[in-house]
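> sequence first, predicted coordinates after that:
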Amino acid sequence: MASDRWDYIIIGAGSAGCVLAARLSADPAIKVLLLEAGGKDSSLLVKMPAGVGALISAKGDYNWGFWTQPEPHLDGRKLWWPRGRGWGGSSSINGMVYIRGHARDYDQWRQMGLAGWGYADILPYFKRAETLEGGGDAYHGEVGPLHVSKACSPSAIYAGFIAAGAQAGHKLTGDFNGFQQEGFGPYQLTIKNGRRASAAVAYLRGALARPNLTAMTGARTTRILIEKRRAVGVEYVQEGQTRRAYADAEVLLSAGTVQSPQILQLSGIGDPDALKAAGVAPIHPLAGVGANLQDHLDVILSWETPGVKTAWSYNKGLSRLTTGLNYLLFGQGFGRQNFLEAGAFLKSRADLDRPDLQLHCVLAIMKDHGKQAVAKDGFSVHVCQLRPESRGRVGLRSTDPFDDPAIFANYLATEEDRRSLRAGVAIVREVAGQKALTALHTGEVEPGAAVAGDKEVDAWIRRSAETIYHPVGTCRMGPESDAMAVVDASLKVMGLAGLRVVDASVMPSLVGGNTNAPTIMIAEKAADMILGKGAPAPLDVPVFGDEPAMAAS
């Protein structure tokens, strides 16, 4: 069994792991090992924005392709859970939508006893990470590693979608990540010069030449080594051989919402009764490991547009080959698009303090995550319920570290979750009935006119709803008084030295939007804490509905 010593060992080269590897190795005196179970992000499908559909829909080199347990409130269905594998993690297979969430989401974290995690506190980290196309401002950065572009597609569908939102009486906003999140508007995208700007591209690539950073691929972590209530290293399998690596400073677990709790549990860290039931000897009791799972559930409505070209026309027959060759040879054409450039954040009822629904407008008729091809031009609108009350869990299916964990999302377990999603369907149908969109489509394809009343809509949701790929919370942050917290506000695992969790699993509550940008922010802040750097000064900026600016922690 081979072994080696490092200052820091990072488990997982996903979004958070790439940030940590780059920030920690910037000090040449710090020796860093990055362990990634997958491979390099070398596929054309990863680099080309239009490749997102193929990556999301299939298990393979870049997608772990998990399935949930049967979901009792979704007709007992098992749901497909794509999660990124390899350099960049899910940022190498996601839809490239750059969303931070609502300012109040982070103030809620602060109010939960997590000092330093309010909106004013974390805004400097969002800005540090970002270079916004066209220049920064009070809300956006202009010199960070992560390139964020602005929607630029000329499609009439995006323009019609936004105009229809206004015609239906909703607000408009030009920047979901700025002063006002609520309303219809264009998305910002992690795309640069027609190429995916993943965390690997933004952070890891430039750091790989450093002699103090070693990035291993095909290295599957099987457990964290614990001695005398301290994490001292990791055990991993590479090329069929079991190896060990030791960390003189810290082990940093960044394997994501599904696999970070799995690795902790395989290491004997978790709820003792659950560990014993799975055949693992408890080493350190932490009841919250794997609990508090939250995710954004989503339903898709679609309309046919026979007179307007969409993704199907650009990818059918020889057009698919032409699109690929044009992109490969010249970097041009529809391969540069993610086909998802407009959306909305809305309230399902007027008394809410922030939006609880998110819409994604897609230039394709989507069915089963794109697994089922629909041979027509059209567009879809994803309706996502942003603030689920339902909670699930991630546990061990077996003691085999190569076995997928058991995921129980427990979607739609509360009436409020069901009401919000049902209301979202009605809102989208009203928007689709406005002149700006009826001029483009010839009718609703899914769910169709037969799905009309609340009872029919609820039944359709149960048989068709799917994840929109934003699971968080399984190693949640909390104060020491929180018996279910896994890490403290510094992301240190409760009761253990030398071990932190840094990824989306630490979010105590799900933010109102896509989760990649917040995960990168968390890792930026974690890097400062790990290196002992002081936090930047809080940034008090006005936010719609909260003027004057919210106070910092």
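It's in.
> from here on, contacts and neighbour counts on C-alpha atoms
Fine.
> where's residue 128, which helix or strand?
Counting by DSSP states H and E, the element that carries residue 128 is helix 119-129.
> what's the next secondary structure element after that helix?
Criterion used, DSSP H and E; the element after helix 119-129 is strand 130-132.
> tell me how far residue 253 lies from residue 94.
21 Å (C-alpha to C-alpha, to the nearest Å).
> now do stretch 305-316: distance to the chain's middle.
28 Å (C-alpha atoms, centre = their mean, to the nearest Å).
> same question but for stretch 34-45, I mixed them up
That offset, for stretch 34-45, works out to 18 Å (C-alpha atoms, centre = their mean).
> give me the residues contacting the helix or strand of the chain with the lowest mean pLDDT.
Every helix and strand in the chain was compared by mean pLDDT, DSSP states H and E; the lowest is helix 318-330, with a mean of 78. Helix 318-330 has contacts (C-alpha atoms under 8 Å, 6 or more residues apart in numbering) with 44, 48, 313-315, 332-336.
> okay, those residues in CSV with pLDDT next?
Formatted as CSV, the contacts of helix 318-330 follow (pLDDT from 0 to 100):
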residue, pLDDT
44, 93
48, 94
313, 84
314, 80
315, 78
332, 83
333, 81
334, 82
335, 85
336, 90
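> where does the protein have low pLDDT?
Residue ranges of the chain with pLDDT under 70: 1-3, 546-553.
> quick check: longest helix of it.
helix 415-432 (DSSP state H).
> so residue 229 is in contact with residue 496, correct?
Yes - if you go by C-alpha atoms under 8 Å, residue 229 and residue 496 touch, sitting 5.2 Å apart.
> thinking again about what came up before, now for the helix holding residue 128, which elements pack on it?
Judged by 3 or more C-alpha pairs under 8 Å, 6 or more residues apart in numbering; DSSP states H and E, the packing partners of helix 119-129 are helix 103-111, helix 516-531.
> the last one - contacts with which helices or strands?
Where contact means 3+ C-alpha pairs under 8 Å, 6+ apart, helix 516-531 is packed against helix 15-25, helix 119-129.
> looking at those, which is nearest to residue 481?
Closest to residue 481 of those, according to C-alpha to C-alpha: helix 119-129, at 22.4 Å.
> can you tell me what sits against the closest one?
Residues from elsewhere that reach helix 119-129 (C-alpha under 8 Å, 6+ apart): 103-107, 116, 139-146, 517-518, 520-521, 524-525, 536-541, 550-553.
> show the contacting residues for residue 387.
296, 356, 417, 510-512.
> spatially, which two of the residues you listed are the most separated?
Within these, 417 and 511 form the most distant pair, 15.3 Å apart (C-alpha to C-alpha).
> who's more crowded, those two?
Taking other C-alpha atoms under 10 Å, residue 417 and residue 511 do not tie; residue 511 has more neighbours (25 against 19).
> just list the residues touching that one, thanks.
Contacts of residue 511 (C-alpha under 8 Å, 6+ apart): 100-102, 105-106, 386-387.
> now do 7 Å
101-102, 105 (C-alpha atoms under 7 Å, 6 or more residues apart in numbering).
> may I see those arranged in a markdown table, with distance to residue 344 as well?
Listed next are the contacts of residue 511 as a markdown table, based on distance: C-alpha to C-alpha, whole Å:
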| residue | distance to residue 344 |
| --- | --- |
| 101 | 12 |
| 102 | 13 |
| 105 | 17 |
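> among the residues you listed, which one has the most neighbours?
residue 102 (23 neighbours).
> wait, residue 199 touches residue 20, no?
No - between residue 199 and residue 20 there is no contact under C-alpha atoms under 7 Å: 10.6 Å.
> give me whichever of the helices and strands packed on helix 516-531 is most buried.
Ranked by mean neighbour count, those are led by helix 15-25 with a mean of 28 (mean count of other C-alpha atoms under 10 Å).
> helices or strands up against the helix or strand that comes right after it?
Downstream of helix 15-25, the next assigned helix or strand under DSSP H and E is strand 32-35. Contact here means 3 or more C-alpha pairs under 7 Å, 6 or more residues apart in numbering; DSSP states H and E; on that basis strand 32-35 packs against strand 5-11, helix 15-25, strand 213-216.
> can you show me the strands along the stretch 251-400 of the chain?
Applying DSSP state E, counting those that start in this stretch to the stretch 251-400 of the chain gives strands spanning 269-270, 284-285, 297-304, 342-346, 357-362, 378-385, 393-395.
> how about those strands, which one is nearest residue 65?
Closest approach to residue 65 among those is made by strand 393-395 (15.1 Å; C-alpha to C-alpha).
> circling back: scan the contacts of helix 318-330 and report the most crowded one.
Most neighbours among those, by other C-alpha under 10 Å: residue 335, with 26 neighbours.
> tell me who's in contact with that residue.
Residue 335 neighbours (C-alpha under 7 Å, 6+ apart): 48-50, 323-324, 327.
> on that earlier part again, compare residue 229 and residue 496 and say which is more crowded by neighbours.
Neighbours were counted for residue 229 and for residue 496 using other C-alpha under 10 Å; residue 496 has more, 17 against 14.
> just checking, that one touches residue 226?
No - look at residue 496 against residue 226 with C-alpha under 7 Å: they stay out of range, at 8.8 Å.
> rebuild the contacts of residue 335 as TSV, extending it with distance to residue 278.
Formatted as TSV, the contacts of residue 335 follow (distance: C-alpha to C-alpha, whole Å):
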residue	distance to residue 278
48	41
49	41
50	41
323	49
324	47
327	48
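> now, which of those residues sits nearest residue 369?
residue 50 (14.2 Å).
> so is that closest one in a helix, a strand, or just coil?
helix (DSSP: H, G, I helix; E, B strand; the rest coil).
> count of residues packed around it?
27.
> how about residue 304?
Counted with other C-alpha under 10 Å, residues neighbouring residue 304 total 21.
> next one: residue 375
Residue 375, neighbours per other C-alpha under 10 Å, totals 11.
> list the contacts for it?
residue 312.
> can you give me the distance of it to residue 43?
26 Å.
> swap in residue 461?
Residue 461 is 35 Å from residue 43, by C-alpha to C-alpha.
> ditto for residue 108
When residue 108 is compared with residue 43 (using C-alpha to C-alpha), they lie 39 Å apart.
> with neighbour numbers in mind, choose between those two.
Neighbours of residue 108 and residue 43, each counted by other C-alpha under 10 Å, are more numerous for residue 108; the result is 17 against 12.
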